[in-house]
Every structure is written in C-alpha cells, then in structure tokens.
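Novice: Fold the following, please.
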Amino acid sequence: MFAMACHGAIELGPKMAGTGCPSITSFSSGLMKYIFVTGGVVSSLGKGLTSAALGALLEQRGLTVRLQKFDPYLNVDPGTMSPFQHGEVYVLNDGAETDLDLGHYERFTCGELSRLNNLTSGQVYETVLTKERRGDYLGATVQVIPHVTDIIKERIYAGGSEDVDVLITELGGTIGDIEGLPFLEAMRQFALEVGRDDVLFLHCTLLPYLKAAGELKTKPSQQSVAKLREIGIQPHILVCRTEQPMNNEMRRKLSLFCNVPVKAVIEEMDVETSIYELPLALKAENIDDLVIEHLGLDAPDNDMKVWHDVVRRLKAPGHKVEIGVVGKYIELQDAYKSVYESITHAGIANDASVRVIRIDAEDIEKDPAKYLASLDGILIPGGFGDRGTEGKIIAAKFARENNIPYFGLCLGMQIAVIEFARNVAGLENANSTEFDPHTPHPVIDIMQDQKDLTTKGGNMRLGACPCELADDSFSIHAYGMKTISERHRHRYEFNNTYLDQLKNAGLRIGGINPERQLVEIVEMPDHPWYVGVQFHPEFQSKPNAAHPLFANFIAAALKYKK
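Specialist: Next up is the predicted model:
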C-alpha cells in the first residue's frame, strides 16, 4: 500500500511489500470453499466483525480469503442512504459505494474487494427485471425461485477468483426477516449444488443475560437455530455473543437443542480494549481449527504474532494524545467508522493511546477556544450539506493560527481552502458553491467536465485516482513515494481559477491529479503539520499498516503535545 515514514512508526512482523499483510506461505487447495455467516435473535450482533476476524485467522494459516456482504434491503446501494439510517458509506477502489462491513473486511484481511463483493436486494431485483424486459426469460413467469435465487447464486460464484481458497459471505439482517428469505434459499440451493463438504454455515446468536434471574438464557438461540433449520440450513458452528462467560453445561445444552457439536459452540464475549482483539479471542476458541477440519483444508497453524503485537500496542501504549474530530454526524459512531479506526491504527504505529474528542461543528461557532484549545490535533472528516460548515471553518482557522496539527479529509480539505481564501488571501465571502451558489469567490466548485456529467446522472468522482506529490510537501515525507492512488467520493473540487492567487498567498499544493490537473492535497508550509486531502485515506488503513498520513498526523500531535 504505502511506505511509512513517521515518528515512532513500527513494523508489526514481516509484511509483503506495501500491503501490511504477513509474509506467509500459501497453501492453496485449488478448490474454493464457502462459508456463510448468518445472524439471529437481534441485529448488530457483530456478524461483520466475526466474518472479518475469521478471515484474518484463515489468512494467517496461509489461505487466500475473500469476503462479501449480502444486504437484503431494497436500496440498490447505500450511496443515497442517510448516515443516521446506515452509518458510513464505504468506497472501494472501483468506485462501488458499499456497506461499512466491507471496511472491516479490508482492514482485517489482505484481499482487495470490488463491487462484486456487495449485493443488495435492490441490485438483485433490478437485474431480474432488466432481464425480463429484455426478453431473456423467453416469456416465462418470473418468480423468486429460480430467477431471483439464480442471480444471488451467480454473485456467490463471482465473489471469489481462481486464486481464492475460501469465500466468506455474510448475510445482513436477522433470521426471520422476510427480505432475507430469498438469500437463505439461494444459500441452501448453493450448498446442495457444490457439495456440503465444501460449504460451512456459521450462525451468530445472542445469549441474553437476565439480571433478575442472574443467568444467561439459551432459548432465543434455540429458537433462532430452529428457524434456520426450517429453511433447510443446519449451522455447523454456533457463535454466541454474550456478556458473561458460558459454562460447559450451557455449551452442552446449546449443542443438544441446536444439533451442533459441543466443540462448535463458540463463546464470543465483548472484547476488553479493541475490536482487534477479536481474532485472538476466536483463536482461543479454536474456531479456525473447526473450519479447517470441516472444509478439509491443508493449512498449518500460525502463532498470530502480528495480531499479538497489535493488541500489545493497544493495551500498553507509551504515549497519550487527544484529537478533536469536528463533524455534523458526531453523535453517530458508525458515520465516521473508518476515520476512527484509522486514528486507532495511527496510534498503534506511534505507540500511543489516542483519545478522540467528538465535537459538533455547530457548537464551535459560539466559543472556539472552549472546545479546541486543549486539543493536540484537529481533524475534519468528509460530509455533504451546509450544516455546521461555518463551525468547521472556525476550527480550521483556530488550528492554523495556533499551530495545532490539522488534518482535513475531503470536505475537511475544502473547508481549509475556504478558510485560507477568506482570512489569508483576502477573498471576502469566499465559499463553495455547494454551500453558497452565489458566492463572489467560488474557490470550491464543480468542475466543468463534471458539470457535463450531471445531465447523465453521474457527476461524482468515485473510487481510486492517481496523485502526484510535491517534492517539498508533508505528504511526500509521509508516503515516501512520488505517485500514490487514493479513493474518492465527492462532487466538488478545488477551483483552479483561484490556484495561482491562493499559491501566491502562501498555500502549498501538496498533490495534483495528473489526469485532470485537479488539486488533491493542500498544505500550510509555515505550519508544523497542516494537511487537507480531497480523497478519503481512511479507506486504506489497517491495524498493522497505518495509513501514512494518519500516522504522520498523530506523530505531529505527539510532538505538539510535548
């Protein structure tokens, strides 16, 4: 991915060049195996994290793993969904706007994902209806079985590739949801087609703790598995989310009523410090051994050194730092999920515990110093809409004037440009046309070639784009290379009409897109560390390979703190 050059950066075990992945011998079987992950009782059980952690365990044993997410909702993708409804939209290299669980997949494992790794009911029905209108079904009555289930099965086959050993498919929602029934039926059919020895069903369920009774209850899990078995699917592994440890009697009871071997009843308690403890917690339950045994894979065990090093750094850091994240969806943990995780990764790389202070942008307008003066660094993430923008501009100004390390992501970069244009370059009322269509100085605007795309319904810049870094920039010091590639999700750009004027006023252009001469990075050269990027670096960070810009930002915050 990147070469890291930062204060306190660490190497977490041997890696393959640029990936943050362990250098381990591949034990490819030549025949793909399939794991289906379902959930019952309640939503938000952590199926995505469980899938990702299992993928990490299998990779450590030398297997090539890919993950995919099936979402039963009728939206075509989460790109138009409110963060209040769905949390973060995670963007892949090919520009696909996907579920945030794909972020977990890429952070925990090495395989690059594509739009083939996320499927919604909306996409399925859109495909079926397009085929029907085109006459592909030759006048047949179009039904859920086989037409809808066939589309789902086709995506399972397409989710991997020739070099993939194990494909893990997570089904969103909960057993019993009407929207999920076609997906479960497709999985049942798929297991029959490829052979049951090549398929493993893993079911995540909840063991609620009743305080009044003073015990965990297994009945909801029993009912959940019973519902799954009614559909024709018998889980091979039962992963039980619980707040209290399970005893052997409870494991035997679940084994008996759910028709799962005792050794395949897995305890999954809330991790103590970080989600990155989960692979080690599942390893202690021998879940990877169960998978290897059931699927007949030849994959020797691994000592998990990389993950032990990550957890050790998280639990016993040598430094502490406070970072303020200024946003408009600040009360929603999932709205900036990848940003928070990337900050954690940067803390690991710098042997530091990072305390994130969430600040509502609108609150800053009243008293900036009250919220910002005590911080060691200020980060403004991406976003859409004009609510809170003036507060963000004030935060960018406060960071610039007080030499506090600043990191702007996407909108955060545009905010930095607007602030600099107004208060340094003297462009009164400078703004983005997104917030003020009649601004006298549109320093942020939709470029003409993107405006031309508006009539075609696609004026967003999505996915990976190249960037050439300036020789004297903070950014080239961070990356350690001249040319990079980063993921985008935005409509508005730096307006090149103002390029020379802002450069003459002291703004440094740290990176340019060579294909369209678009500004990708802005910096303040006379500042300890002030960087705004048009892209989303948080989508390419891993716990054992922190994104270099995040790592350098935290390093600068540590230096500022001293």
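
Novice: What ranges in this structure fall below the confidence cut-off?
Specialist: Low-confidence segments of the chain (pLDDT under 70): 1-30, 82-86, 331, 448-458, 562.

Novice: Which of the three states applies to whatever residue is furthest in space from the centre of it?
Specialist: Distance from the C-alpha centroid of the chain peaks at Gly139, with 42.2 Å (CA atoms, centre = their mean). With DSSP: H, G, I helix; E, B strand; the rest coil as the basis, Gly139 sits in coil.

Novice: Quick check: the gap between it and Val128.
Specialist: 15 Å (CB to CB, to the nearest Å). Quick note: C-beta positions are derived from backbone N, CA and C, even for glycine.

Novice: Could you do Tyr498 as well?
Specialist: Relative to Val128, and taking CB to CB, Tyr498 is found at 49 Å.

Novice: Give the closest residue to Lys320 in space, chain neighbours not counted.
Specialist: Ser353 (4.9 Å; CB to CB, 6 or more residues apart in numbering).

Novice: Verify the contact between that neighbour and Ile323 for me.
Specialist: No: if you go by CB atoms under 8 Å, Ser353 and Ile323 don't touch, sitting 11.1 Å apart.

Novice: any idea which element the residue nearest the centre of the chain lies in?
Specialist: The chain has Gly103 as the residue nearest its centroid, 2.1 Å off, counting by CA atoms, centre = their mean. Using DSSP states H and E, Gly103 sits in helix 101-108.

Novice: could you point out which element follows that helix?
Specialist: Criterion used, DSSP H and E; the element after helix 101-108 is strand 118-120.

Novice: Off-centre distance for the helix or strand just after that following strand?
Specialist: Per DSSP H and E, the first helix or strand lying C-terminal to strand 118-120 is helix 121-134. How far helix 121-134 lies from its chain's middle: 28 Å, per CA atoms, centre = their mean, to the nearest Å.

Novice: hmm, back to that, out of Ser353 and Ile323, which sits in the busier spot?
Specialist: Set Ser353 next to Ile323 and count neighbours by other CB atoms under 10 Å: Ile323 wins out with 22 against 19.

Novice: helix/strand/coil for that one?
Specialist: The three-state label given to Ile323 by three-state DSSP is strand.

Novice: wait, it sits on Arg355?
Specialist: Yes: contact criterion CB under 8 Å: Ile323 and Arg355 qualify, at 7.3 Å.

Novice: ok, back up a step: next one: the residue farthest from the centre of the chain from Phe420, what distance?
Specialist: 63 Å.

Novice: quick one, what contacts the nearest residue to Ala396 once chain neighbours are set aside?
Specialist: Nearest residue to Ala396, sequence neighbours excluded (CB to CB, 6+ apart): Glu419, at 4.3 Å. Neighbour list for Glu419: Ile393, Ala396, Lys397, Arg400 [criterion: CB atoms under 8 Å, 6 or more residues apart in numbering].

Novice: And Phe553, by the same measure?
Specialist: By CB under 8 Å, 6+ apart, the contact list for Phe553 reads Ala346, Gly377, Leu379, Pro405, Phe407, Trp529, Val531.

Novice: Next: Lys33.
Specialist: Lys33 makes contacts with Asp165, Val166, Leu167, Asp198, Val199, Leu200, Leu295, Leu297, as judged by CB under 8 Å, 6+ apart.

Novice: Who's the closest spatial neighbour of it, skipping the chain neighbours?
Specialist: Distance criterion CB to CB, 6+ apart; nearest residue to Lys33, sequence neighbours excluded, is Leu295 at 4.3 Å.

Novice: residues near Ile145, how many?
Specialist: 11.

Novice: Would you agree it is in contact with Arg188?
Specialist: No: using CB under 8 Å, Ile145 is not in contact with Arg188; the gap is 10.6 Å.

Novice: right, and Thr483 touches Pro466 too?
Specialist: Yes: with contact defined as CB under 8 Å, Thr483 reaches Pro466; the gap is 6.2 Å.

Novice: and these two? which has more neighbours close in?
Specialist: Legend: neighbour count by other CB under 10 Å for Thr483 and Pro466, higher for Pro466 (14 against 11).

Novice: In three-state terms, label the more buried one for me.
Specialist: Secondary structure for Pro466, judged by three-state DSSP, is strand.

Novice: Name the strands paired with the helix or strand where the residue nearest to Lys320 lies and say parallel or antiparallel.
Specialist: Ser353 belongs to strand 352-360 when assigned by DSSP H and E. Using DSSP bridges, strand 352-360 pairs in its sheet with strand 319-327 (parallel).

Novice: Please state the offset of the strand it pairs with from the chain centre?
Specialist: The chain centre lies 20 Å from the centre of strand 319-327; the measure is CA atoms, centre = their mean.

Novice: Of the contacts of Lys33, which pair is most distant in space?
Specialist: Greatest spatial distance in the contacts of Lys33: Asp165 and Val199, 13.8 Å, computed using CB to CB.

Novice: These two: who's more crowded?
Specialist: Using other CB under 10 Å, the more surrounded residue of Asp165 and Val199 is Asp165, with 24 against 21.

Novice: burial count for the closest residue to that one other than its chain neighbours?
Specialist: Nearest residue to Asp165, sequence neighbours excluded (CB to CB, 6+ apart): Leu63, at 4.3 Å. Neighbourhood size, Leu63 [other CB under 10 Å]: 25.

Novice: so when I look at Leu63, I'm seeing a helix, right?
Specialist: No: assignment of Leu63 by three-state DSSP gives coil, placing it outside any helix.

Novice: That one reaches Leu297, doesn't it?
Specialist: Yes: using CB under 8 Å, Leu63 is in contact with Leu297, at 6.7 Å.

Novice: May I have the residues that are in contact with Ile444?
Specialist: Gln414, Val417, Ile418, Asn431, Ser432, Thr433, Glu434, Tyr492, Glu493, Phe494, Asn495.

Novice: Buried among these? Need that as a selection in ChimeraX.
Specialist: Applying 16 or more other CB atoms under 10 Å to the contacts of Ile444 leaves a buried subset, and the ChimeraX line that selects it is:
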select :414,417,418,431,432,434,492,493,494,495
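
Novice: In CSV, list the contacts of Ile444 along with distance to Asn544 and secondary structure.
Specialist: As requested, these are arranged in CSV below (distance: CB to CB, whole Å; DSSP: H, G, I helix; E, B strand; the rest coil):
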residue, distance to Asn544, secondary structure
Gln414, 32, helix
Val417, 34, helix
Ile418, 36, helix
Asn431, 41, strand
Ser432, 37, strand
Thr433, 41, coil
Glu434, 37, coil
Tyr492, 34, coil
Glu493, 33, strand
Phe494, 33, strand
Asn495, 39, coil
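
Novice: Just the helices from the stretch 301-450 of the chain, written as ranges.
Specialist: Ranges of helices within the stretch 301-450 of the chain are 305-315, 337-349, 361-364, 368-372, 389-401, 411-423, 448-454, based on DSSP state H, counting those that start in this stretch.

Novice: I'd like to know which of the ones you listed is closest to Arg155.
Specialist: helix 337-349 (24.2 Å).

Novice: Does anything pack onto the closest one? Which helices or strands?
Specialist: helix 101-108, helix 305-315, strand 319-327, strand 352-360, helix 548-561 (3 or more CB pairs under 8 Å, 6 or more residues apart in numbering; DSSP states H and E).

Novice: which one of the ones you listed lies closest to Lys370?
Specialist: Closest approach to Lys370 among the helices and strands packed on helix 337-349 (CB to CB): strand 352-360, 10.1 Å.
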